[in-house]
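Undergrad: Quick one, structure for this:
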Amino acid sequence: MKETRPRAGRRPLQVLVAACILGAVSWSAAQAPETQRQRLEVEGKEVYLRHCAGCHGEKGDGKGPAAAMLIVKPRDFTSGIFKFVSTPNGSLPTDEDLYKVITRGLYNTSMPEWSLLSEKERVGVVQYLKTFSPRWQQERPEAPIFVPEPPEWIDSPESVARGAEVYNNLQCAKCHGATGKGDGPSAAPLDPDVWGNPQKPFNFTRGRLKSGPSAKDIYRTFMTGVNGTAMPSYGDIFAEPDGEYIREGDAWHLISYTRSLRK
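TA: Numbering: from 1, shown residues only. From the prediction side, this is the model:
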């Protein structure tokens, strides 16, 4: 499946190393001794002030000196709400979720990828980000949802056709439009998101989603929703198919259809 193969020029060993680094984050941060986490937090603050505060602000409120010039506003960390997570809707993200965003960036936004920072620096920034909101002292992230491997038939003509039916059954066109351009009848009057920024439904014809291009990335977003926005979670709906409007495997069919809309 082309979406999950290593990109041109990236050796399988490099992919394996990256995966090992991501897998190590949960231990090195979340399960590390308190003194080690504190050291990471202190080091992460230095990195944050040097590289992140220009947009996100010294207080983590998304009001850095560059914020006013950006169309897509920097995240306000003080609310403890993050859009792209692997945990159920409304939950705090895991350390790995934050680490991935820092490492990969967010496509089609001003958030770049920071893979040039060392692993330790990125882990430290993750720990420091969690000092901006009291939610981190009051709550723990819920367990991440299970994301299975995509079926062999994903993106097949049959899957795309069924996905179009699911798209209509779930009334996705109300926001995303009949052709997926984000111009549905409910798109214009959307209220601002929880940070006060204007919302616009995603335009599937533009291609890659902000949180990642693979089928598994899209599956995760459909199942968890996008926190703080009008995009709900469809995890419960797909988990209990009724056999008529929603059937087994329809989440993957919907992914096939939305990916077919890409230019």
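Undergrad: And for Q38, the neighbour number?
TA: By the measure other CB atoms under 10 Å, the count of residues near Q38 is 12. Just so you know, the C-beta spots here come from the backbone N, C-alpha and C atoms, and that holds for glycine as well.
Undergrad: got it, and R220?
TA: R220 has 22 neighbouring residues, counting by other CB under 10 Å.
Undergrad: Spatially, which residue comes closest to it, not counting chain neighbours?
TA: Excluding its sequence neighbours, the residue lying closest to R220 (CB to CB, 6 or more residues apart in numbering) is V147, at 5.5 Å.
Undergrad: Would you check that that neighbour makes contact with I218?
TA: No - contact criterion CB atoms under 8 Å: V147 and I218 do not qualify, at 10.2 Å.
Undergrad: so where's this protein uncertain?
TA: By pLDDT under 70, the weakly predicted segments of the chain are 1-33.
Undergrad: So between V147 and I218, which is more surrounded?
TA: Each of V147 and I218 has its neighbours counted (other CB under 10 Å); I218 has more, 24 against 14.
Undergrad: Just to be sure, that one is in a helix?
TA: Yes - judged by DSSP: H, G, I helix; E, B strand; the rest coil, I218 forms part of a helix.
Undergrad: Pretty sure it sits against Y257.
TA: No - using CB under 8 Å, I218 makes no contact with Y257, being 10.8 Å away.
Undergrad: so which strand or helix has the residue nearest to R220?
TA: Counting by DSSP states H and E, there is no helix or strand that carries V147.
Undergrad: what's it in contact with, if anything?
TA: By CB atoms under 8 Å, 6 or more residues apart in numbering, V147 lies in contact with 86, 216, 219-220, 223.
Undergrad: separation between it and N227?
TA: In this view, V147 and N227 are 17 Å apart by CB to CB, to the nearest Å.
Undergrad: Near E121, how many other residues are there?
TA: Applying other CB under 10 Å, we find 20 other residues in the vicinity of E121.
Undergrad: likewise F222?
TA: For F222, the neighbour count with other CB under 10 Å is 22.
Undergrad: Equivalent analysis for E240, please.
TA: E240 has 8 neighbouring residues, counting by other CB under 10 Å.
Undergrad: try R262
TA: A total of 12 residues lie near R262 under the criterion other CB under 10 Å.
Undergrad: next one: phi and psi at it?
TA: Backbone torsions of R262, given as degrees, to the nearest 10, read phi -60, psi 140.
Undergrad: ok, it - contacts?
TA: The neighbours of R262, taking CB under 8 Å, 6+ apart as the test, are 204-207.
Undergrad: Going by neighbour count, which of those residues comes out on top?
TA: Within those, most neighbours by other CB under 10 Å means F204, with 23 neighbours.
Undergrad: Name the nearest residue to that residue, ignoring sequence neighbours.
TA: Nearest to F204 is G180, by CB to CB, 6+ apart, at 3.6 Å.
Undergrad: I'd assumed T205 was in contact with the one you found.
TA: Yes - counting by CB under 8 Å, G180 touches T205, with 5.7 Å between them.
Undergrad: Which neighbours do the two have in common?
TA: Jointly contacting G180 and T205 under the rule CB under 8 Å, 6+ apart are L261.
Undergrad: Show me the contact partners of stretch 173-186.
TA: With CB under 8 Å, 6+ apart, stretch 173-186 has contacts from 167, 187, 190, 200-205, 230, 258, 261.
Undergrad: Could you spell out which stretches of the protein belong to which domain?
TA: The record assigns the chain these domain ranges, following automatic domain parsing: 10-138, 157-260.
Undergrad: would you list these in CSV and tack on distance to P151?
TA: Output for the domains of the chain, formatted as CSV (distance: least, CB to CB, whole Å):
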stretch, distance to P151
domain 10-138, 20
domain 157-260, 6
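Undergrad: who's in contact with the residue most central in space within the chain?
TA: Nearest to the mean C-alpha position of the chain, counting by CA atoms, centre = their mean, stands F84 at 2.5 Å. By CB under 8 Å, 6+ apart, the contact set of F84 is 93, 97, 101, 106, 210-211, 221, 226.
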